[in-house]
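Chemist: Provided below for reference: sequence and predicted model.
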Amino acid sequence: MSPDGRHGRRVDLSGHASGFRRGTAGVRAMVEVGAEHGVGVQECLHSTGISPEMLHGGAVVSDAQELAVAANLFTATGHAAGVGFAVGERISLRAYGIWGFALLTCPTVLGAVEFGLHYLPLTCAVTGLSLRVCEDEAHLIVDDRGSPAALRPFLAEREIAVTAGILRTILGESPPSLRVELRRSRPSADYEKAIGAPVRFDTPHDAIVTSSAVLDLPLPQADPLTLTACERTCLFLLRERCAPCVAQTVRAVIAEGVTDAGLIAARLHLSARTLRRHLAAEGTSLRHLVDEARRVKAIELITLHHLGVEQVALRLGYTDAATFIRAFRRWTGTTPGAYTRR
């Protein structure tokens with residue numbers, strides 16, 4: 001198999017890298033859809049720097065790596081229409097962790113949209129999204145100006161499918177009068193069946209459109225206290241994943257489960273002493289970064305997955321629950337039980 005793909009011309013990704021990092025939910029979805037089209041895991045991950053093992057752990061990837069996987073899949077499937085929709089349908093709100101949980105607790109659909117757009121780098125989106133209200137219609141528009149031109153149809157399909165799924169999840173049903181608008185001409189694929197909504201082609205933009213009245217609909221799981229707690233964690237994650245520094249790279253390695261200073265330094269091609277010096281210059285330390293990662297994971301496990309203290313302690317590598325509780329109190333000023341109740 002040639003690295004240029006079986007069916008389509010290779011997508012040029014030059015000039016489309018940035019520093020954002022995210023989980024592997026989007027990559028996993030693309031690998032799964034690839035398998036359905038006869039595209040193997042190694043072919044999807046070719047020259048991306050992502051190993052198959054990273055798909056099932058706590059690893060993070062850059063948006064450049066995510067684009068590279070998308071390019072491999074889109075090329076190998078011959079730029080087929082509808083592949084992006086298939087990928088987007090596999091990325092559920094649950095895959096986004098604390099960001100997705102926060103959307104559920106927003107007071108209204110508008111609140112969820114605004115929160116989601118503000119913390120969009122915490123998702124696997126590699127395009128922008130914007131809200132535009134025109135008279136009695138609300139348009140969620142895909143902004144792909146920073147994406148490779150050849151990938152834009154695929155990325156628009158993917159983000160529209162993801163967004164439609166999120167709207168259905170937070171509302172518990174499909175929004176009234178939902179439709180999709182696409183810049184591309186009508187393909188042979190049955191887009192209406194794929195997305196579950198009417199589709200218009202040759203439009204000025206790629207967007208999801210619904211009645212503006214939908215924005216005012218209350219969400220059934222709204223909870224202002226939980227939303228406040230979720231936003232604090234989202235803000236921390238946003239700062240962590242967007243910081244172009246040695247600490248950011250170390251965080252990515254820690255997310256893979258590596259916490260030994262020597263092993264981390266070797267991954268960064270540094271000595272342990274040089275690594276400590278770099279981190280100190282950035283105002284942090286390896287111990288602090290490991291604690292940060294454990295703190296975020298602990299909060300997610302007890303608030304989102306409702307795991308018990310013993311289970312969380314085991315997941316985070318503590319010898320017993322008491323040691324974990326002491327660490328949690330140091331991070332948050334309270335116990336896991338009190339934090340959950342609050």
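Modeler: Yes, it's here. Residues are numbered from 1 along each chain as shown.
Chemist: Quick one: the strands in this protein, in order.
Modeler: Counting by DSSP state E, the chain has strands at residues 21-22, 61-62, 128-134, 137-143, 179-181, 199-200, 207-211.
Chemist: okay, which residue is most central for the protein?
Modeler: T123 (2.5 Å; C-alpha atoms, centre = their mean).
Chemist: Confirm for me that it is in contact with Y96.
Modeler: Yes: between T123 and Y96 there is a contact at 5.6 Å, judged by C-beta atoms under 8 Å. In this view, the C-beta of every residue, glycine as well, is placed from N, C-alpha and C.
Chemist: hang on, the earlier thing: please identify which of the strands of the chain is closest to G172.
Modeler: strand 207-211 (15.2 Å; C-beta to C-beta).
Chemist: what sits up against that closest one?
Modeler: 136-142, 160, 163-164, 167, 175-181 (C-beta atoms under 8 Å, 6 or more residues apart in numbering).
Chemist: for the protein, which spans come out with low pLDDT?
Modeler: Applying pLDDT under 70 to the chain picks out residues 1-21, 57-58, 188-189, 240-245, 281-282, 342.
Chemist: give me that answer again for 50
Modeler: 1-18 (pLDDT under 50).
Chemist: returning to what we had before: just name the most buried of the strands of the chain.
Modeler: strand 21-22 (a mean of 24; mean count of other C-beta atoms under 10 Å).
Chemist: Would you mind measuring from the residue in the chain sticking out farthest from the centre to V258?
Modeler: Within the chain, R273 marks the point farthest from the mean C-alpha position, 33.6 Å out by C-alpha atoms, centre = their mean. Going from R273 to V258 by C-beta to C-beta, to the nearest Å gives 18 Å.
Chemist: how about the helices of the stretch 201-342 of the chain, start to end?
Modeler: 224-242, 246-255, 261-267, 272-281, 286-303, 309-315, 321-332, 336-341 (DSSP state H, counting those that start in this stretch).
Chemist: just the ones you listed: most buried one?
Modeler: helix 246-255 (a mean of 20).
Chemist: In terms of secondary structure, what does that one contact?
Modeler: Here helix 246-255 touches helix 224-242, helix 261-267, helix 272-281, helix 286-303, going by 3 or more C-beta pairs under 8 Å, 6 or more residues apart in numbering; DSSP states H and E.
Chemist: Appreciated, that's everything.
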